[in-house]
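A.B. asks: what's the 3D shape of this:
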Amino acid sequence: MTVVESAFKAHPIPKFAMRLEGEDLVDYINTVQPFFQRGHDGENFFAGEFHGFVQRKERARIMSAQFMVAPKERAGEIVLAEEVPRSFDARERWPECKSIGMIRDQSACGSCWAVSAASAMSDRLCIQSNGKSKKILSDADIISCCKECGYGCQGGWPIEAWRYVVNRGVCTGGLYGEKNVCKPYPFYPCGHHDGQKYYGPCPQGLHETPKCKKQCQRGYEKNYEEDKFFGKSAYAVKDTEAAIQKEIMTNGPVQAVMRTYQDFSYYKGGIYMHTAGAQTGATSVKLIGWGEESGVPYWIAANTWNSDWGENGFFRILRGSNECGVESMVIAGMMKV
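C.D. replies: I've put the predicted structure just below:
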């Protein structure tokens, strides 16, 4: 860690800072840390109204921390002949796999566990087929049909999503409204998003979990079972920085689960470190690489909150110190190709 980073992390967050909200929270973040910028995600409100909007929207896309339970079994660390580089970006390593840079939008549904799983599976399907299979796999199929995974729009266990695809398979999918796939995402990107079509406001609460329908949308050329892809394995990655790096650079992006706090909702860019605000739950994201800025190490992560959030849908988070638990529950698997 740099001297600045070490000094910042060495001081526990004051109790009063954990209770801050709204403008007071934002002012405190800007005062005490230089690593990330706060902002908003495309809505223009007065400060008080914006805080209320952020809190409502966050509650609709964050799942309970009860889903941050790591599987007991973990894969062994990959042995590499080459050294782990100081920086790595899966988008650059496998440019033929465009899914790596694709940002999904979970809308008002706590489905991050399934959306991030389907995203990482799509990447690995492409990588492990040497770019021959570039299908986008369906988060909707996992949300609605994997009963052992959890509670659909109210959260779920990522490892169960990977196990489900090993045993039952998953059909093709895509973003809301896509036609040439079996099961696109069922919920529209709610609210206003920069430079994007407006579908309508966000609901007051969560969307209901869709019912499991073992059929493709009308007009799609294949039937549901013919359209499926299967996983070959599902596992938790050893919870060390080096093991996670080796897994990503060898097999592709991984899925991670992290605690969320109120300050994360205001993230606009930079390297995120929890600074203030109470815990709000947990979320699941996709780790695609790592780097360093001004001596501060970070992970590159894809969120599922639309491409106008954070750094074009991505964010960077402190690496090597298990910030918000991001290194303690990393899930991956191999796909059948």
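A.B. asks: going forward, measure contacts and count neighbours with C-alpha atoms only.
C.D. replies: Noted.
A.B. asks: over to residue 288: give its phi and psi.
C.D. replies: Here is the backbone geometry of residue 288 (degrees, to the nearest 10): phi -120, psi 0.
A.B. asks: how many other residues sit next to it?
C.D. replies: 25 (other C-alpha atoms under 10 Å).
A.B. asks: ok, it touching residue 301?
C.D. replies: Yes - contact between residue 288 and residue 301 holds when scored by C-alpha atoms under 8 Å: they sit 5.9 Å apart.
A.B. asks: now the helices for this protein?
C.D. replies: 3-10, 15-18, 22-32, 47-61, 90-93, 112-128, 139-145, 158-167, 241-251 (DSSP state H).
A.B. asks: quick check: residue 138 touching residue 173?
C.D. replies: Yes - using C-alpha under 8 Å, residue 138 is in contact with residue 173, at 3.7 Å.
A.B. asks: what touches both of those two?
C.D. replies: 182, 183, 184, 185 (C-alpha atoms under 8 Å, 6 or more residues apart in numbering).
A.B. asks: list phi and psi for the closest residue to the last one other than its chain neighbours.
C.D. replies: With C-alpha to C-alpha, 6 or more residues apart in numbering as the criterion, residue 185 has its nearest non-adjacent residue at 4.7 Å, and that residue is residue 176. Backbone geometry at residue 176, expressed as degrees, to the nearest 10, gives phi -50, psi 130.
A.B. asks: for residue 176, give me the pLDDT.
C.D. replies: Residue 176 carries a pLDDT score of 97 in this model.
A.B. asks: same question, residue 19
C.D. replies: So residue 19 comes in at 70 (pLDDT).
A.B. asks: that one reaches residue 279, doesn't it?
C.D. replies: No - using C-alpha under 8 Å, residue 19 makes no contact with residue 279, being 9.8 Å away.
A.B. asks: pull the most distant pair out of the shared contacts of residue 138 and residue 173.
C.D. replies: Farthest pair in the shared contacts of residue 138 and residue 173 (C-alpha to C-alpha) is 182 and 185. Separation: 10.1 Å.
A.B. asks: between those two, who's got more neighbours?
C.D. replies: residue 182 (27 against 22).
A.B. asks: leaving out sequence neighbours, find the closest residue to that one.
C.D. replies: Among residues not flanking residue 182 along the chain, residue 216 sits closest, at 4.4 Å (C-alpha to C-alpha, 6+ apart).
A.B. asks: what's near enough to touch that neighbour?
C.D. replies: By C-alpha under 8 Å, 6+ apart, the residues touching residue 216 are 181, 182, 183, 222, 223, 224.
A.B. asks: could you pull out the strands for the stretch 151-300 of the chain?
C.D. replies: Counting by DSSP state E, counting those that start in this stretch, the stretch 151-300 of the chain has strands at residues 173-174, 183-184, 231-236, 254-261, 267-272, 279-293, 296-302.
A.B. asks: by contact count, what packs against the last one?
C.D. replies: For strand 296-302, the elements it packs on are strand 279-293, strand 314-318, judged by 3 or more C-alpha pairs under 8 Å, 6 or more residues apart in numbering; DSSP states H and E.
A.B. asks: same deal with the first one?
C.D. replies: With contacts defined as 3+ C-alpha pairs under 8 Å, 6+ apart, the secondary structure elements packing on strand 173-174 are helix 139-145, strand 183-184.
A.B. asks: what lies in contact with the longest one?
C.D. replies: Going back to what we said before, that points to helix 139-145. By C-alpha under 8 Å, 6+ apart, helix 139-145 touches 111, 114-115, 117-119, 152-153, 161, 164, 170-171, 173, 183-186, 209-213.
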